[in-house]
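K.L.:
Return a 3D structure for these sequence lines:
(2 chains)
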Amino acid sequence: MRNPVDVLLVGVGGQGTILASKVLCAAAKTAGYDIKMSEIHGMAQRGGSVVTQVRLGEAVHSPLIEKGNADVILAFEQLEALRWLPYLKKGGKIIINKQIIAPVPVLAGLAEYPANVLEYIEEKAPGALAIDALDKAVACGNAKAANVVLLGAMARSMPIPRETWEQALENTVPPKFLDVNKKAFAAGYEA
Amino acid sequence: MKELFSGNAAIARGALEAGVTLAAGYPGTPSTEILENLAKYKEVYCEWAPNEKVALEVGIGSSLAGARTLVTMKHVGVNVAADPLMTAAYTGVNGGLVLISADDPGMHSSQNEQDNRYFAKFAKIPVLEPSDSQEAKDMVRLGLELSELCDIPVMLRTTTRVAHSQTMVAPAEPVQREVRPYQKDAKKNLMVPAFARMRRVDLDRRWDKLREYSESTPVNRTELRDKKIGIITSGISYQYVREVLPDASVFKVGMTNPLPMEKIKEFAAAVDKLYVVEELEPFMEEQLQLQGIEVTGKKLFAAIGEFSPEYLRRKFIEAGEPVAGSDEESFDGMPAVPPRPPVLCAGCPHRGVFYTLRKMKLTVTGDIGCYTLGGLPPLEGIDSCVCMGASIGMAHGAEKAVPGMRGRTVAVIGDSTFLHSGITGLLNIVYNQGNSTVIILDNRTTAMTGHQDHPATGRNLMGEEAPEVDLEALCKAIGVKRVQVVDPLNLEQLKETIKTEVADPGPSVIIARRPCALLSKEPVGPAIEVDPDTCEGCKACLRLSCPAISVSDEKAQVDPITCNGCGVCTQVCKFGAMKGGNANA
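P.N.:
Predicted coordinates for the structure are as follows:
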């Protein structure tokens, strides 16, 4: 019996959450899980808040995760981590990219970006892991690999072997970006 | 070997496997990826039609000629295709005809959330509703077979959560594609009153056959478990119910029109308490109540918006059912989280149009596409959005009715939307001697739905080169004498042109032409740099609603990674603090 694992990937349209969820699903498939994955296309992609829900288990019914039920949240941006925090299970793992992307209402001075986001999350979810994925990606050779750094950090918290993840990465990313992505994955995994 | 398929990719796979020869549609979230996936198989001829009405007519012709046919659209697309649909139910089919209606409960990417099962009831055609990708694939074949068996077009209705969720699917070998022989048959296909009256009677005969079919099809099935609670449900709600009440008995309705009433009555009699769980309208519930079946539905579950397991759990607890509550923590004291609405992309070449229209204080009727985002604060450059093509008719109506609106009303519409249903509106302005100004925001693609080709892009869905309609020549041909083409990155030229054309009595078209910023991998120009010594911190640049621009410590900042170098902000800044960007503008 495989224990179910519910994962939320949250971020801002254009941050590469979709590639990360693709690799996650490929790895989960090799590991033998039934999978349901839900994401919304269209309007939300234009710089809006985006979420991908991935549910793994023996036999999964709903593609949607309930509040307070996510085993893992991978947040590509601080505000989005805060927005989806109520979905985290007690004792669940949240991994947060330290990047801040101000939404337009904040840019326009119509709303405030909250202060001390990481402190609040750490208090609510002890063991939260905040990493500077952008810095690490740049060190690996390409800022765009920040999503794979985050994926690596998440992989560590999942009941799927590292080799399976690396295989899934190899099968998903274009060959010419494989090297930098492998480095990025390792940088995240070892973070 | 099972693979992960989105509902849309599964429908495409189902069409391939079931021997579809032709598929047509118009892009619309959440239906778009069906044809994009199907076109990749190459065995099936696929095309984007200029609109849904044309797509369905192409489909009806293909079916008449004997080929199995798939037609795809979003829910509101069926409104456009309603005219052929209502009568195609009379004529029936030759080759099987399946119409995909992709509904959008919760309006993730739509202007309304109409429940298209009522359309099927109105037209008297059957409806199939899948709850995951495997069912979506299987129901394409089932639908085609049912269509041929009962001589009727079949609606396959998905919703956003089915269309865009990925679940496991077992692909199968495609059947040999066959085309049925065509027979001229005026009494069946030529809907003049005398023959239509006969087909109307025949439709009821076919309806009786469909009722029988609905009673026997395995997609309508009873799952008896604990008999204290029985739930009648369809589509994605079935999956939520299984999640929230795993022990309850369920009647899963895969074919929701016509309902298998006898089977449902048996189920109702077998359980103590009966619920009907359906998103949007009480489509099944009303029919159950007409049969005197006592059932709880919309008294408990909303008719507005999308369901979720969380929502159903709360509602069943409210109804006193023994459902485990979810273990929700309190998040009191959580800092307020500002919304992150979608915005026009950094470098969207059409941002300046909305900025300019707003500055000119014009009344702007808008249309369907990315540019609805130009209506939100702080841009606020459009006043209305109703449906595909509406901007042009509405501008004309406003100007004709109210003299004060004349010379200060402008319609804005995208290139794909203009070709979809804007042309007839423009023709009307010319014919009825209106004086509206229509701005076609020509970004050379159907952007909002993910960059599909259309008749003015020079490519078709199969990836081949195609004739490219000349928008200027088209507008002139229908009688618009004043047609100007402008570069929307040049705000001064744009403003002067709008001023002249709005003042001119008589119809005019301004084509603001620049490709979508996402189409080109290269930025339009070097990223903008702000000179902090010159910047006065006036925040005028923020009115552009550009995600690359922010102001902190009273100085504007431009994020060099996000900035596309379009240079619009350099033209908005009165102090010349924004430097660089596109040199042509």
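K.L.:
going forward, measure contacts between C-alpha atoms and count neighbours the same way
P.N.:
Will do.
K.L.:
ok, for the closest residue to chain A within the stretch 101-250 of chain B, nearest residue in space, not its chain neighbours?
P.N.:
Closest residue of the stretch 101-250 of chain B to chain A, C-alpha to the nearest C-alpha: B:Ser165 (4.1 Å). Nearest residue to B:Ser165 in three dimensions, chain neighbours excluded: A:Ser38, at 4.1 Å (C-alpha to C-alpha, 6 or more residues apart in numbering or on different chains).
K.L.:
and the next element down the chain from the lengthiest helix in chain A?
P.N.:
Using DSSP state H, we find that the single longest helix of chain A is helix A:17-30. Using DSSP states H and E, the helix or strand that follows helix A:17-30 in sequence is strand A:34-39.
K.L.:
quick check, distance from that following strand to the centre of its chain.
P.N.:
Its chain's C-alpha centre and that of strand A:34-39 lie 14 Å apart, by C-alpha atoms, centre = their mean, to the nearest Å.
K.L.:
what does stretch B:50-57 give?
P.N.:
14 Å.
K.L.:
Residues contacting it, please?
P.N.:
Contacts with stretch B:50-57, where a contact means C-alpha atoms under 8 Å, 6 or more residues apart in numbering or on different chains, come from B:24-26, B:48-49, B:71-73, B:77-78, B:80-85, B:99, B:416, B:419-421, B:454-455.
K.L.:
What of stretch B:391-403?
P.N.:
B:364-367, B:384-385, B:405-407, B:409-413, B:422, B:425-426, B:428-429, B:434-436, B:438.
K.L.:
Report the entries of those that also contact chain A.
P.N.:
Filtering the contacts of stretch B:391-403 for proximity to chain A (criterion: C-alpha under 8 Å from any C-alpha of the partner chain) leaves nothing.
K.L.:
Return the residues of the stretch 101-250 of chain B in contact with chain A.
P.N.:
Residues of the stretch 101-250 of chain B lying near chain A (C-alpha under 8 Å from any C-alpha): B:108-109, B:160-161, B:164-168, B:236, B:239-240, B:242-243.
K.L.:
just those now: which is nearest A:Lys182?
P.N.:
B:Gln166 (25.8 Å; C-alpha to C-alpha).
K.L.:
thinking again about what came up before, which other helices and strands does the longest helix of chain A contact?
P.N.:
Counting by 3 or more C-alpha pairs under 8 Å, 6 or more residues apart in numbering or on different chains; DSSP states H and E, the packing neighbours recorded for helix A:17-30 are strand A:5-12, strand A:34-39, strand A:49-57, helix A:146-155, helix A:162-172.
K.L.:
Quick one: the helices in the stretch 101-250 of chain B, in order.
P.N.:
Counting by DSSP state H, counting those that start in this stretch, the stretch 101-250 of chain B has helices at residues B:117-123, B:133-150, B:160-163, B:186-189, B:193-216, B:236-244.
K.L.:
Spatially central residue for chain A, please.
P.N.:
A:Leu74 (3.0 Å; C-alpha atoms, centre = their mean).
K.L.:
Would you agree that residue falls within a helix?
P.N.:
No: A:Leu74: not assigned to a helix; according to DSSP: H, G, I helix; E, B strand; the rest coil it is strand.
K.L.:
how far away is it from chain B?
P.N.:
18 Å (C-alpha to the nearest C-alpha, to the nearest Å).
K.L.:
Now do the contacts for that residue.
P.N.:
A:Leu74 neighbours (C-alpha under 8 Å, 6+ apart): A:7-10, A:81, A:94-96, A:150-151, A:154.
K.L.:
Tell me which two of those sit farthest apart.
P.N.:
Across the contacts of A:Leu74 (C-alpha to C-alpha), the longest gap, 15.0 Å, separates A:Ala81 and A:Leu151.
K.L.:
Among these two, which residue is more densely surrounded?
P.N.:
A:Leu151 (30 against 24; other C-alpha atoms under 10 Å in any protein chain shown).
K.L.:
Can you tell me the closest non-neighbouring residue to that one?
P.N.:
A:Ala20 (6.1 Å).
K.L.:
Tell me, please, the helix or strand in chain A that averages the lowest pLDDT.
P.N.:
Least confident helix or strand of chain A, by mean pLDDT, DSSP states H and E, is helix A:104-107 with a mean of 88.
K.L.:
can you tell me how far B:Glu318 sits from B:Thr356?
P.N.:
52 Å (C-alpha to C-alpha, to the nearest Å).
K.L.:
Compare the two (neighbour count), which wins?
P.N.:
When neighbours are counted by other C-alpha under 10 Å, B:Glu318 and B:Thr356 differ, and B:Thr356 comes out ahead with 21 against 11.
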